[in-house]
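> Sequence plus the predicted model coming up.
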Amino acid sequence: MVGQSRTGVQMASPWRAIEKCGLFLEVLDARAPLSTTSLTFRHRFKGRPVIRFLMKSDLASPSANRAWVQRLGRDGSMVVAIDRNNRQQVREASAALTEWAKHKSPFRKIRASVVGIPNTGKSSLINAMVGRKKQETGDRPGVTRGVEWVRLVDGILLLDQPGVMGDDQVEMESYWRRVCCGTIPQGDWDPEEVAGHLVTYLDEKRRGWSDVLDLPGDTTGEGDFLDRLARRQGLLGRGGVLNRPAAARRLVDSYRKGRLGRISLEMPT
Ligand SMILES: Nc1nc2c(ncn2[C@@H]2O[C@H](COP(=O)(O)OP(=O)(O)OP(=O)(O)O)[C@@H](O)[C@H]2O)c(=O)[nH]1
Ligand SMILES: [Mg+2]
């Protein structure tokens, strides 16, 4: 099976390479591990071992990180919360992976497929573990276009590949969280709707979250809020009308980049 990349280059279907792998490294966004899980991959995992990496843990709440590691690891599987710039965490993660591989398959080469939805940090994880910028990374979904094998150590190969959204039916509850984690290209989502969900969530979970934006007046009311944000940031459209979509995009972007603080969007139940 052959796929067409956006550059027009023919590339092998990622699924064919994935089928060769005896291990999956599933990369989730630590801020929303459930919403950034792809059910499409879950079906592929069936019966094969999975190690979960909660990437961008530096942007998530530390207590939520601990809770997620515990919750997702309850079935005995390995779960690691990781920040690609934290060398010790990265060293420990690759040591744990190497150890796991030696134990599970002492005589055979391990091929591990690094999977996840777009922009969760798959290529960054590979670069951090191999200790050099081998794979291209970028602050937008769809950076990796083809499949590539990368050697971690002798006997362990990692497969980098494009993020796959799959054909999951995603409810709005997960969708807005995926947007806030940067997994959906700009233009594919309605900024005011997503910002509305984010504001409602933050108002409920994090008192005083908007202090950092230094907005004048009362903080309640989502419509009001975007108007005040647009005014504060001088976001005006034609005829001096407040540009609410631009304010909404700025808010989501601020969240995504951690400017509102380390805030997780989900906690285990
Ligand atoms: N703060 C923070 N940013 C990270 C971390 N890991 C990755 N990023 C950033 O997240 C963005 C996406 O990283 P990539 O490694 O390109 O993600 P990917 O999953 O390979 O993306 P696709 O190939 O597009 O599917 C980049 O801007 C990275 O710098 C992390 O641990 N912390
Ligand atoms: Mg990539």
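Nice, thanks for sending it over. Numbering: from 1, shown residues only. Ligands and ions are numbered 1, 2, ... in the order given.
> which SS class is whichever residue of the chain sits closest to ligand 1?
Nearest residue of the chain to ligand 1: G163, at 2.7 Å (Cβ to the nearest ligand atom). (Glycine included, C-beta is placed from N, CA and C.) Secondary structure state of G163, per DSSP: H, G, I helix; E, B strand; the rest coil, is coil.
> excluding its backbone neighbours, what's nearest it?
Computed as Cβ to Cβ, 6 or more residues apart in numbering, the closest residue to G163 that is not its neighbour in sequence is P118, at 3.0 Å.
> Can you tell me how far that neighbour is from R44?
17 Å (Cβ to Cβ, to the nearest Å).
> which one of those two has more residues nearby?
Higher neighbour count among P118 and R44: P118, with 22 against 18, using other Cβ atoms under 10 Å.
> so what's that one scoring on pLDDT?
On pLDDT, P118 comes in at 95.
> Would you confirm that it contacts M165?
Yes: with contact defined as Cβ atoms under 8 Å, P118 reaches M165; the gap is 6.6 Å.
> intersection of neighbour lists for those two?
Here P118 and M165 share the contacting residues T183, scored by Cβ atoms under 8 Å, 6 or more residues apart in numbering.
> Doesn't W149 lie inside a strand?
Yes: under three-state DSSP, W149 falls within a strand.
> Check the gap between the closest residue to it other than its chain neighbours and G22 for me.
Spatial nearest neighbour of W149, excluding adjacent residues (Cβ to Cβ, 6+ apart): L157 at 4.9 Å. Note on L157: its distance to G22, by Cβ to Cβ, is 11 Å.
> Common neighbours of these two, please.
In terms of Cβ under 8 Å, 6+ apart, L157 and G22 are both contacted by the residues I110, R111, A112.
> The helix or strand hosting the last one and ligand 1 in contact?
When you say that, I think you mean A112. Element membership of A112, judged by DSSP states H and E, is strand 110-115. No: contact of strand 110-115 with ligand 1 is not found when judged by Cβ under 6 Å from any ligand atom; the minimum separation is 8.1 Å.
> just the angle between the next helix or strand after that strand and strand 110-115, please?
For strand 110-115, the following helix or strand on the C-terminal side (DSSP H and E) is helix 122-130. Here the directions of helix 122-130 and strand 110-115 differ by 140 degrees (axes from the mean of the first three to the mean of the last three Cα atoms, to 10 degrees).
> Stretch 49-66 and ligand 1 in contact?
Yes: for a cut-off given as Cβ under 6 Å from any ligand atom, stretch 49-66 has contacts with ligand 1, namely M55, K56, D58, L59.
> most surrounded residue in those?
Neighbour tally across those (other Cβ under 10 Å): the maximum, 29 neighbours, falls on M55.
> wait, isn't it in contact with D29?
Yes: between M55 and D29 there is a contact under Cβ under 8 Å: 6.4 Å.
> Note down every partner strand of the strand holding A112 and its orientation.
Paired neighbours of strand 110-115 in the sheet (DSSP bridges): strand 23-29 (parallel), strand 156-160 (parallel).
> what's the longest one in contact with?
To tie it back to what came earlier, the one meant is strand 23-29. The contact list for strand 23-29, computed with Cβ under 8 Å, 6+ apart, reads 35-37, 41, 44-45, 48-56, 97, 101, 104, 110-116, 120-122, 125, 158, 181, 183.
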